[in-house]
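Enquirer: With the input below, show me the fold.
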Amino acid sequence: QARLMSQALRKLTANLNRSNTICIFINQLREKIGVMFGSPETTPGGRALKFYSSMRLDIRRIEAIKDGTEVVGNRTRVKVVKNKCFAAGTTVFDPVTGLTHRIEEIVEQGAGTAVVAADKAGGLHVRPITRRFDQGEAECVGLRLADGTELWVTPDHRLLTDTGWREAGGVALGDRLGRPRRFLGFGSAEPVTPDHARLLGYLIGDGYVGGKTPITFINVEADLRDDVAGIAAGLGCSSALRGQGDQLALSHRPGEVKGVLALARWAGIYGHLAWERRIPAPFFAEDVAADVVGHLLYGIWASDGHVSREQTGGVRIGFTTTSEQLAEQLHWLLLRFGIGSSVRVYDPTTKRPSIIEGRRVQGARPCWEVSISGVDNARRFAEAVPMRGRKGMALMAALADPVLGAHRGSQRGYLPANDTEPVLAYLRGRGVTATLAASFVGDGAGNPKGGLRQVLGSSRLRRDRVEQLAAALESEFLTQVLAEEVWYDKVVEVLPSAWLRIYDVEVEEHHTLVAADVVASNCAPPFKQAEFDIMYGKGISREGSLLDIGVDLGLIKKSGAWFTYDGEQLGQGRENAKHFLTDNPEIMVEISERIRAQVGIGTAEPDAEGAELDPDDLPIALDD
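Expert: Predicted coordinates:
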């Protein structure tokens with residue numbers, strides 16, 4: 001049976017190709033589709049032989065076919081389902097609302113309105129979601145990146161690498177995947193003043209705005225409490241120390257506007273506990289001012305962040321929060337400044353407790369840490385965020401340490417591998433020697449004795465050095481290369497495959513999106529689909545299919561509800577036209593032959609009498 005089907009398929013190949021037709025041969029049917037039976041890797045169903053499904057079809061009834069008031073059949077649509085999908089749990093950032101959703105929430109609950117999409121030049125844009133797909137279950141592969149980020153997708157899902165697009169199943173250990181390096185920018189809009197943005201940051205980080213007691217800022221640093229009290233005074237609030245002097249309660253003065261309360265309600269943080277906190281959408285607007293966002297970030301960092309030195313001597317900046325949503329939002333706001341960060345979760349009960357003014361403090365909820373490492377990212381952070389208070393002074397002192405000059409920046413500071421040869425070829429074409437390039441770059445240049453490549457970076461070209469050259473040469477080409485808003489992170493582990501629920505979305509224009517902080521492709525039209533009539537007691541209606549194809553090819557004219565062929569009216573309405581073809585089989589045969597001739601099926605004649613037939617055109621014998 002299987003061999004006969006294979007031979008039949010080979011004989012049909014030429015006509016299928018000429019007519020642009022998809023033909024599905026079904027050799028195995030399941031009695032219990034969708035019920036797990038046996039190994040999920042080979043049997044997604046029960047009571048049948050093992051089989052490999054190379055194509056999935058989505059078959060749906062789209063409308064009932066009626067003869068008068070009696071239902072006589074169904075109009076059916078069959079669509080080839082694309083399996084290039086994301087596994088449940090994959091996070092997708094919505095740049096319009098500033099919220100991060102899991103892919104299953106986007107598809108099943110309608111969450112999210114837009115995504116971050118990448119164009120062919122590596123630029124990142126905001127693009128709307130146009131369609132959402134629940135694709136069932138499938139085998140998925142997992143890829144773990146250097147910072148611990150995991151991405152689970154189907155093996156045929158295409159991912160952006162430093163050498164171009166590649167299917168996830170073909171990504172190997174050591175390959176590099178595209179991730180956002182910088183996103184959007186800033187304008188001049190101020191949804192709130194910088195001072196009020198800083199106050200919101202304080203309250204998001206270390207404020208109690210649960211609603212049962214006065215809004216309270218809880219922090220042991222006196223300079224932060226004084227800053228909060230000063231801003232609150234301008235909003236009509238008085239302040240008083242409580243507890244052991246580390247709690248600053250804010251109460252509105254009689255007869256004055258409740259300014260702090262109104263600000264907290266506007267931001268959507270009033271009535272929410274720490275693990276429910278999030279940054280309001282206006283701070284993610286495309287035209288928001290950098291100063292406003294910088295003061296917001298400072299308030300959160302000064303109250304709920306840290307600065308430290310790594311074992312290697314490098315500088316590390318971080319935010320810690322019990323709100324997963326807030327951690328993802330901080331990551332994307334930092335990208336507005338071109339500051340790279342990573343988000344990881346840890347269990348605080350496994351850590352040693354902190355001692356604050358003699359008190360043992362240890363959290364019980366999962367915590368998310370937004371970590372900023374690399375001297376280049378640390379310097380950008382110091383430029384973007386006001387450097388004030390104890391932490392600001394500590395960061396400035398650390399960045400002034402001359403030892404940092406020997407530290408390399410983060411991996412975001414390198415150009416992708418496929419840019420190396422074009423850049424070097426361009427510089428040679430401009431007559432730039434290694435010595436000249438080193439003079440343009442300055443103290444940070446490599447040894448010119450090693451050639452241009454050594455000057456700009458031994459393995460990959462360093463972005464900061466190429467920037468110096470672009471400015472010195474006033475090069476439009478180098479400026480375009482540097483404009484790419486994607487960097488490439490190394491795959492450190494290919495995880496064992498797993499059978500998971502999968503979903504996908506369709507994105508307008510670019511048909512890409514950033515999912516789990518990785519640039520990936522998405523479902524894109526044109527989608528292969530067909531519609532036909534299934535009549536009760538008859539099966540698929542040949543008359544209905546001929547009408548559809550005839551109208552598409554222009555052989556049958558459709559004006560309003562009337563169908564006309566060669567000046568003869570077939571009938572008013574689809575069902576009447578089908579009845580006419582049934583009653584006049586000679587016209588139906590004529591239409592069928594004209595359709596075959598137009599698409600090039602069955603029209604080839606032998607060149608001469610006795611010409612040999614192709615082996616694939618010979619009849620199939622049961623004993624073959």
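
Enquirer: what about the closest residue to residue 599 other than its chain neighbours, how many neighbours?
Expert: Among residues not flanking residue 599 along the chain, residue 19 sits closest, at 4.5 Å (C-beta to C-beta, 6 or more residues apart in numbering). Using the backbone N, CA and C atoms, a C-beta is placed for each residue, glycine as well. Residue 19 is flanked by 16 other residues according to other C-beta atoms under 10 Å.

Enquirer: Please name the residues that touch residue 19.
Expert: With contacts taken as C-beta atoms under 8 Å, 6 or more residues apart in numbering, residue 19 has the following neighbours: 599, 600, 601.

Enquirer: repeat for residue 383
Expert: So, once contact is read as C-beta under 8 Å, 6+ apart, residue 383 ends up touching residue 337.

Enquirer: helix/strand/coil for it?
Expert: Secondary structure of residue 383, reduced to three states by DSSP: H, G, I helix; E, B strand; the rest coil: helix.

Enquirer: and the helix or strand encompassing residue 368, what does it pack onto?
Expert: Element membership of residue 368, judged by DSSP states H and E, is strand 367-373. The criterion is 3 or more C-beta pairs under 8 Å, 6 or more residues apart in numbering; DSSP states H and E, and the helices and strands that strand 367-373 contacts are strand 315-321, helix 324-336, strand 342-346.

Enquirer: Those: which one's closest to residue 100?
Expert: Counting by C-beta to C-beta, residue 100 lies closest to helix 324-336 out of the helices and strands packed on strand 367-373; the figure is 4.0 Å.

Enquirer: residues in contact with the closest one?
Expert: If you take C-beta under 8 Å, 6+ apart as the criterion, helix 324-336 is touched by 91, 93, 95, 98-100, 180-186, 204, 277-279, 283-284, 290, 293, 296-297, 300, 319, 321, 340-343, 345, 366, 368-370, 372, 381, 517.

Enquirer: how far off strand 342-346 does that helix point, in degrees?
Expert: Between helix 324-336 and strand 342-346, the angle comes out at 160 degrees (axes from the mean of the first three to the mean of the last three C-alpha atoms, to 10 degrees).

Enquirer: Pull up the distance across stretch 145-164, start to finish.
Expert: 18 Å (C-alpha to C-alpha, to the nearest Å).

Enquirer: to the chain's geometric centre, what's the distance from that stretch?
Expert: Taking C-alpha atoms, centre = their mean, to the nearest Å, the mean C-alpha location of stretch 145-164 is offset from the chain mean by 11 Å.

Enquirer: Likewise for stretch 4-16?
Expert: How far stretch 4-16 lies from its chain's middle: 40 Å, per C-alpha atoms, centre = their mean.

Enquirer: Just the C-alpha atoms of that stretch, please, in PDB.
Expert: This file holds the C-alpha atoms of stretch 4-16, laid out as PDB (Å, rounded to 0.1, in the frame of the first residue of the first chain):
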ATOM      1  CA  LEU A   4       1.700   2.200  -4.400                       C
ATOM      2  CA  MET A   5       1.000   5.500  -2.800                       C
ATOM      3  CA  SER A   6       4.600   6.500  -3.300                       C
ATOM      4  CA  GLN A   7       4.500   5.600  -7.000                       C
ATOM      5  CA  ALA A   8       1.300   7.400  -7.500                       C
ATOM      6  CA  LEU A   9       2.700  10.500  -5.900                       C
ATOM      7  CA  ARG A  10       5.700  10.500  -8.200                       C
ATOM      8  CA  LYS A  11       3.400  10.200 -11.300                       C
ATOM      9  CA  LEU A  12       1.400  13.200 -10.100                       C
ATOM     10  CA  THR A  13       4.400  15.400  -9.300                       C
ATOM     11  CA  ALA A  14       4.600  17.100 -12.600                       C
ATOM     12  CA  ASN A  15       0.900  18.000 -12.800                       C
ATOM     13  CA  LEU A  16       0.900  19.100  -9.200                       C
END
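
Enquirer: pLDDT on it, on average?
Expert: Across stretch 4-16, the average pLDDT comes to 76.

Enquirer: buried stuff in that stretch?
Expert: By neighbour count, with 16 or more other C-beta atoms under 10 Å as the criterion, the buried positions of stretch 4-16 are 11, 15.

Enquirer: Ok, stretch 487-496 next?
Expert: Buried residues in stretch 487-496, counted by 16+ other C-beta under 10 Å: 487, 488, 489, 491, 494.

Enquirer: State the phi and psi torsions of residue 475.
Expert: For residue 475, the backbone dihedrals are phi -90, psi 120 (criterion: degrees, to the nearest 10).
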